[in-house]
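Trainee: Generate coordinates for the sequence data below:
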Amino acid sequence: MNQSIHHVPGRLRIRSTSFRRRSITALSIQDQLLALDGVTHVRLNPDASSITIHYDTARLSRAQLLAMLESTGCLGAQTRSDAFTTKTGELFGKVLMGAIVKKVAERSALKLVSVLL
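Mentor: This next block holds a predicted model:
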């Protein structure tokens with residue numbers, strides 16, 4: 001089962017084969033999510049095999065939503081990312097951007113020097 005999760009507080013988008021075209025399971029999950037206290041909107045996109053959940057962060061957390069989806073069999077337990085994984089990804093992104101900016105600055109400085117000489 002191929003899965004992808006994108007999250008910002010109040011909005012969770014999950015791409016999974018469980019939500020594939022006209023799946024009765026997907027429609028059932030959509031109804032179950034809408035019944036949760038705190039879920040404000042659910043958009044099922046069967047063509048993209050994804051579901052987008054808008055929720056009130058004061059009443060519901062990302063972890064609770066993922067746990068609910070795991071309990072229904074739509075997600076595997078390995079999909080949940082912990083704080084370490086999230087921080088590692090953020091750190092990797094910062095390091096990568098720093099390296100790119102450094103390389104661009106070096107090349108720009110080199111070109112400036114060559115133009116001046």
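
Trainee: residue boundaries of the strands in this protein?
Mentor: Along the chain, the stretches classed as strands by DSSP state E are 3-8, 11-16, 39-45, 50-55.

Trainee: Which one of those lies nearest to Val115?
Mentor: With Cβ to Cβ as the criterion, Val115 lies closest to strand 3-8 of the strands of the chain, at 43.7 Å. No exception for glycine: its C-beta is placed from N, CA and C like everyone else's.

Trainee: what's the neighbour count on Ala58?
Mentor: As a burial measure, Ala58 scores 8 neighbours (other Cβ atoms under 10 Å).

Trainee: How about the contacts made by it?
Mentor: By Cβ atoms under 8 Å, 6 or more residues apart in numbering, Ala58 lies in contact with Gly38.

Trainee: low-confidence ranges in the chain?
Mentor: The model of the chain has pLDDT under 70 over residues 1-4, 21-23, 76-89.

Trainee: switch the cut-off to 90
Mentor: The model of the chain has pLDDT under 90 over residues 1-9, 14-31, 44-51, 62-63, 65-117.
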